[in-house]
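What follows is a protein structure lacking sequence information:
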């Protein structure tokens, strides 16, 4: 199977890195100095890391339709009940997923439904594992009206993550597991779901976007 990469998102990082590799290679050929050889090796490693960061592996979506899927790869930092919805939808269950530099960075839609609100908020770039980052960092909030009720997804930038990509639009119909964006070079994703959800994960769990079932069976 051929590797799958996010070529469009990778381009703005790949092109400068490739040009830098070529320039250092030319300098080494012209002058033969060890410092240029070292820079060539550094640039080559950086190029390999770019491909690694922008990988988009295939995922096996669950067959069930009444489930909520993980929107991102990473480790569950917290699961908190009785939280206030960031969009005024009452008390919700909040799940925080931390994406390290080594996790897959693509984001997937957690539930089938229709996008009815997208809010972008500029901000700082505090470390993503900090609780303050949820309120103070650059972020995008997406609300999806689903058969389970309103499900809110928050993409939060981090110290290394300097760009949030969200390709969704208002009133767009979406399907659980659908690829919709990414947070470049790791960060955190927060999920706000209605109360009464039967969770299948807990704090410390490792999840995979579009593949891991977060929970099911919302009760009215």
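Arrived safely. Just so we're clear, the structure is a prediction, and the values are computed from it rather than from any experiment. Numbers count the residues shown, from 1 in each chain.

Show me which residues of the helix or strand of the chain with the lowest mean pLDDT are buried.
Least confident helix or strand of the chain, by mean pLDDT, DSSP states H and E, is helix 133-136 with a mean of 73. Within helix 133-136, the residues scored as buried using 16 or more other CB atoms under 10 Å are 133-134. C-betas here are computed from N, CA, C, even on glycine.

do the same with stretch 206-217
207-216.

Show me what the least confident helix or strand of the chain is in contact with.
Defining contact as CB atoms under 8 Å, 6 or more residues apart in numbering, one finds that helix 133-136 is touched by 96, 123-124, 126-127, 154, 156, 158, 188, 190.

Now residue 14: closest residue in space, sequence neighbours ignored.
residue 50 (5.6 Å; CB to CB, 6 or more residues apart in numbering).

Other residues contacting the host helix or strand of that neighbour?
For residue 50, the host element (DSSP states H and E) is helix 34-53. Contact with helix 34-53 is made by 3, 5, 10, 13-14, 17-18, 20-21, 24-25, 27-28, 101, 105, 184-185, as judged by CB under 8 Å, 6+ apart.

List the residues that contact residue 110.
68-71, 144, 151, 153, 176, 191, 214.

need those residues in TSV with distance to residue 46 and pLDDT, can you?
Listed next are those as TSV, based on distance: CB to CB, whole Å; pLDDT from 0 to 100:
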residue	distance to residue 46	pLDDT
68	37	91
69	33	95
70	29	96
71	28	96
144	36	96
151	37	94
153	31	96
176	35	92
191	32	95
214	34	92
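
so which of those residues is the most crowded?
Neighbour tally across the contacts of residue 110 (other CB atoms under 10 Å): the maximum, 31 neighbours, falls on residue 71.

Without its sequence neighbours, what residue ends up closest to that residue?
residue 110 (4.5 Å).

Any buried residues in the top helix by length along the chain, and which?
Secondary structure assigned by DSSP state H gives helix 7-31 as the longest helix of the chain. Buried residues in helix 7-31, counted by 16+ other CB under 10 Å: 9-10, 13-14, 17, 20-21, 24-25, 27-28.

show me what contacts the closest residue to residue 207 other than its chain neighbours?
Nearest residue to residue 207 in three dimensions, chain neighbours excluded: residue 70, at 3.8 Å (CB to CB, 6+ apart). Residue 70 sits next to 97, 108, 110, 201, 207-214 when contact means CB under 8 Å, 6+ apart.

any chance of those in a markdown table, plus secondary structure?
A markdown table is the format used below for the contacts of residue 70 (DSSP: H, G, I helix; E, B strand; the rest coil):
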| residue | secondary structure |
| --- | --- |
| 97 | strand |
| 108 | strand |
| 110 | coil |
| 201 | coil |
| 207 | strand |
| 208 | coil |
| 209 | coil |
| 210 | coil |
| 211 | coil |
| 212 | coil |
| 213 | strand |
| 214 | strand |
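
Just name the closest of these to residue 91, please.
residue 214 (17.9 Å; CB to CB).

ok, and the closest non-adjacent residue to the closest one?
Closest to residue 214 by CB to CB, 6+ apart is residue 68, at 4.5 Å.
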